[in-house]
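In: Sequence and predicted structure below; questions after.
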There are 2 protein chains.
Amino acid sequence: MESSAQYQLLYHRLKKEILADVYPIGSVLPSENDLCAAASLSRSTVRQALSQLETEGYITKQKGKGSIVKSKSRSLNLLSFHGFSAMVDKTKMSTLSVQEPTFMPWPEDFPFELSELEKGAGCIHFARVRSVARRPVMYELTFVPNLNLPRFVRQFKLNQSFFEFLAKEYQLEITGMEQQIWAVAANSIHTQHLQVESNTPLLKINRKYHSNRSHLHLYSILYCDTEKYALGNTSGVINQSL
Amino acid sequence: MESSAQYQLLYHRLKKEILADVYPIGSVLPSENDLCAAASLSRSTVRQALSQLETEGYITKQKGKGSIVKSKSRSLNLLSFHGFSAMVDKTKMSTLSVQEPTFMPWPEDFPFELSELEKGAGCIHFARVRSVARRPVMYELTFVPNLNLPRFVRQFKLNQSFFEFLAKEYQLEITGMEQQIWAVAANSIHTQHLQVESNTPLLKINRKYHSNRSHLHLYSILYCDTEKYALGNTSGVINQSL
DNA sequence: AAAATAAACTTGTACGTACAAGTTGAAATT
DNA sequence: AATTTCAACTTGTACGTACAAGTTTATTTT
């Protein structure tokens, strides 16, 4: 962490504590004045930290009441499976390795444009199948340019979170992404991995992730069986008021 | 406009001026000190307005340089068609009315949960087909609760932008949305409107839009033929957890 | 002329004060 | 006991100061 600003330090601390359930969802954070006293900071500085938590969706503030913890992450938004009414139980999710991480040249029909830097570096590729309640729902192909990611092939285990691994091992954070979405008919590869009949409609998503290393992008190709679980996400600033 | 706060007034003024090309994309806003002097405000207040413009994606700030206009809207991200490499020519897009706006009760199998307020109000419904280069690509069903939207049925023309109409007529702004996405096989209704063969894979998207009126939501059901054009979007700062 | 330096900008961080306005619960009144 | 009132919270808005740090332009020096 190289953020030396006081409000950034407080922001990170509060975010960690929210994620660690020190302040569970629905609970109220200490008041601004309490945070001032505890951290020996001015109210302006404390408010700057809280403001960042608010814009990132972790808390909502209510005049007269306080700062209420809203959610523990805003990234569920990007790629989460939903049942028809309730969120899928995370304990029922599992990941199967289809292709262990290997170093290889970029595929010839790679659907994304690559920079010269990326082309020259070659890529690391792996593939996984995600299941919910033992039912395969997503077949995911990931491609990473081999740029300053030492020991990746050996150290990354496919059953762990890819993004968390990148953050912990390389201080690499995902800052944004572009995606394109199609509906396609399942071919023989998909029928095998997703256990669906041929020509079943599948969601195909091509994703390019941007990171805090300006020239390093990650690429994913996803095939999703939405027969039972829809792919859901949320975007923008949503007003609460349950 | 019922925002009496000074920073809100400045925020709205600057936003309008950005949209009106007083400050085109890439240009630099007046410096914070200039804005202070011009509006007789303190720098904190000016910074609060600029901060809001920044989090909403209108400007980026750069230390030492200034506030640079980034984009004129943040909602195009939500729904745009892409060709394989370049954006589709907007002049080739057209809209066909399938169902003119009519007042009706909510459908019995409506896929979203409705509040009691919305249920009681009934809904306004209309449907459109969007085409790119004379090829139908999207069949869109829209449902709006009949809440304080006078003259809607009479005044809204289906070939105009729905969101722009709401903004201009009712000062209604879209602040966010939730969506669920499926891949489905085309049935007889879709084959008719989208001119595709039966069982063609289609993208189905259910959307709930949130607005600046906290109890007013808009609902859309979309069917997209992605044979030729993918549905693309970009999302800003996101977090890990995959 | 070229390079180093300094001055004059810009935004970023951090401190402080004061009061407005919404919420809550205890105290006083009925 | 029920209601009203008020005090003690909470966040929101707005003002001010001071300095740090990045960028650009003008000046001075080489």
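Out: It's in.

In: Just the helices from chain A, written as ranges.
Out: With DSSP state H, the ranges of helices along chain A come out as A:6-19, A:32-39, A:43-55, A:116-121, A:152-155, A:162-170, A:188-194.

In: Show me chain A divided up by domain.
Out: A:6-69, A:80-232 (automatic domain parsing).

In: who in chain A is up against DNA strand D?
Out: Taking C-beta under 7 Å from any atom of the strand as the measure of proximity, chain A contacts DNA strand D at A:29, A:31-34, A:44, A:47, A:61-67. (Glycine included, C-beta is placed from N, CA and C.)

In: contacting residues for residue A:184?
Out: A:201, A:202, A:204, A:223, B:183, B:201, B:226 (C-beta atoms under 8 Å, 6 or more residues apart in numbering or on different chains).

In: Out of the residues you listed, which is nearest to residue B:162?
Out: Ranked by distance to residue B:162 (C-beta to C-beta), these are led by residue B:226 at 21.8 Å.

In: Against DNA strand C, how distant is the spatially closest residue to that closest one that is not a sequence neighbour?
Out: Computed as C-beta to C-beta, 6 or more residues apart in numbering or on different chains, the closest residue to residue B:226 that is not its neighbour in sequence is residue A:182, at 4.0 Å. Distance of residue A:182 to DNA strand C, computed by C-beta to the nearest atom of the strand, to the nearest Å: 39 Å.

In: just residue A:137 next, same as before
Out: Residue A:137 is 41 Å from DNA strand C, by C-beta to the nearest atom of the strand.

In: re earlier: chain B next: which of the residues of chain A next to DNA strand D are close?
Out: residue A:44 (C-beta under 8 Å from any C-beta of the partner chain).

In: Drop anything exposed from the residues of chain A next to DNA strand D.
Out: A:29, A:32, A:47, A:61, A:66, A:67 (16 or more other C-beta atoms under 10 Å in any protein chain shown).

In: pLDDT wise, what is the closest residue to DNA strand D within chain A at?
Out: Closest contact between chain A and DNA strand D, by C-beta to the nearest atom of the strand, is at residue A:31 (3.1 Å). Listed pLDDT for residue A:31 reads 97.

In: re the thing from before, in strands, which of the contacts of residue A:184 fall?
Out: A:201, A:202, A:204, A:223, B:183, B:201 (DSSP state E).

In: ok so, going back, using a markdown table, please lay out the residues of chain A next to DNA strand D together with distance to residue B:177.
Out: Formatted as a markdown table, those follow (distance: C-beta to C-beta, whole Å):
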| residue | distance to residue B:177 |
| --- | --- |
| A:29 | 27 |
| A:31 | 32 |
| A:32 | 31 |
| A:33 | 36 |
| A:34 | 35 |
| A:44 | 33 |
| A:47 | 28 |
| A:61 | 22 |
| A:62 | 23 |
| A:63 | 26 |
| A:64 | 29 |
| A:65 | 26 |
| A:66 | 28 |
| A:67 | 25 |
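
In: Closest one to chain B out of the residues of chain A next to DNA strand D, please.
Out: Chain B lies nearest to residue A:44 out of the residues of chain A next to DNA strand D, by C-beta to the nearest C-beta, at 8.0 Å.

In: Looking at that closest one now. What's its pLDDT?
Out: 98.

In: Tell me who's in contact with it.
Out: residue B:44.

In: Check residue A:42 too.
Out: Residues in contact with residue A:42 (C-beta under 8 Å, 6+ apart) are residue A:36.

In: about what we covered before: now the helices of chain A in CSV, with distance to residue A:128?
Out: As requested, the helices of chain A are exported to CSV (distance: least, C-beta to C-beta, whole Å):
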stretch, distance to residue A:128
helix A:6-19, 24
helix A:32-39, 41
helix A:43-55, 32
helix A:116-121, 22
helix A:152-155, 15
helix A:162-170, 9
helix A:188-194, 10
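
In: For these, which has the smallest mean pLDDT value?
Out: Checking each of those, the one with the poorest mean pLDDT is helix A:162-170, at a mean of 79.

In: in that one, what's buried?
Out: The neighbour-count check on helix A:162-170 (16+ other C-beta under 10 Å) flags A:162, A:163, A:165, A:166, A:167, A:170 as buried.

In: Where does pLDDT dip in chain A?
Out: In the predicted model, chain A carries pLDDT under 70 at residues A:1-3, A:73-92, A:171, A:175, A:233-242.

In: The residue located most distally from the centre of chain A and residue A:103, how far apart?
Out: Relative to the C-alpha centroid of chain A, counting by C-alpha atoms, centre = their mean, residue A:37 is the outermost residue, at 34.7 Å. Counting by C-beta to C-beta, to the nearest Å, the separation of residue A:37 from residue A:103 is 54 Å.

In: Repeat that for residue A:145.
Out: With C-beta to C-beta as the criterion, residue A:145 and residue A:103 are 11 Å apart.

In: try residue A:226
Out: From residue A:226 to residue A:103 the distance is 33 Å (C-beta to C-beta).

In: TSV for the domains of chain A, including distance to residue B:108?
Out: Below are the domains of chain A laid out as TSV (distance: least, C-beta to C-beta, whole Å):
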stretch	distance to residue B:108
domain A:6-69	34
domain A:80-232	16
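
In: Which one of these lies nearest to residue B:154?
Out: Nearest of the domains of chain A (C-beta to C-beta): domain A:80-232, 35.4 Å.

In: Tell me if I'm right that residue A:58 and residue A:67 touch.
Out: No: if you go by C-beta atoms under 8 Å, residue A:58 and residue A:67 don't touch, sitting 9.3 Å apart.

In: returning to that earlier point: for DNA strand C, tell me which of the buried ones among the residues of chain A next to DNA strand D show up nearby.
Out: Counting by C-beta under 7 Å from any atom of the strand, no member of those reaches DNA strand C.

In: In a markdown table: those, plus distance to residue A:98.
Out: Shown next, in a markdown table, are these (distance: C-beta to C-beta, whole Å):
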| residue | distance to residue A:98 |
| --- | --- |
| A:29 | 43 |
| A:32 | 50 |
| A:47 | 48 |
| A:61 | 45 |
| A:66 | 47 |
| A:67 | 44 |
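
In: Who wins on neighbours among the contacts of residue A:184?
Out: residue B:183 (27 neighbours; other C-beta atoms under 10 Å in any protein chain shown).

In: closest point of chain A to DNA strand C, which residue?
Out: Closest point on chain A to DNA strand C, by C-beta to the nearest atom of the strand, is residue A:64, at 2.6 Å.

In: any idea how far that residue is from residue A:31?
Out: Look at residue A:64 and residue A:31: by C-beta to C-beta, they are 11 Å apart.

In: which one is residue A:169 nearest to, not counting chain neighbours?
Out: Spatial nearest neighbour of residue A:169, chain neighbours left out: residue A:155 (6.8 Å); criterion: C-beta to C-beta, 6+ apart.

In: now residue A:222
Out: Nearest non-adjacent residue to residue A:222, counting by C-beta to C-beta, 6+ apart: residue A:205, 4.3 Å away.

In: and what of residue A:97?
Out: Computed as C-beta to C-beta, 6+ apart, the closest residue to residue A:97 that is not its neighbour in sequence is residue A:158, at 4.2 Å.

In: right, and that neighbour touches residue A:129 too?
Out: No: in this structure, residue A:158 is not within contact of residue A:129 by C-beta under 8 Å, at 10.0 Å.

In: anything in contact with each of the two?
Out: residue A:95.

In: What's opposite residue A:218 in the beta bridge?
Out: Residue A:218 forms beta bridges with residue A:209, as assigned by DSSP bridges.

In: Good, we can wrap up now.
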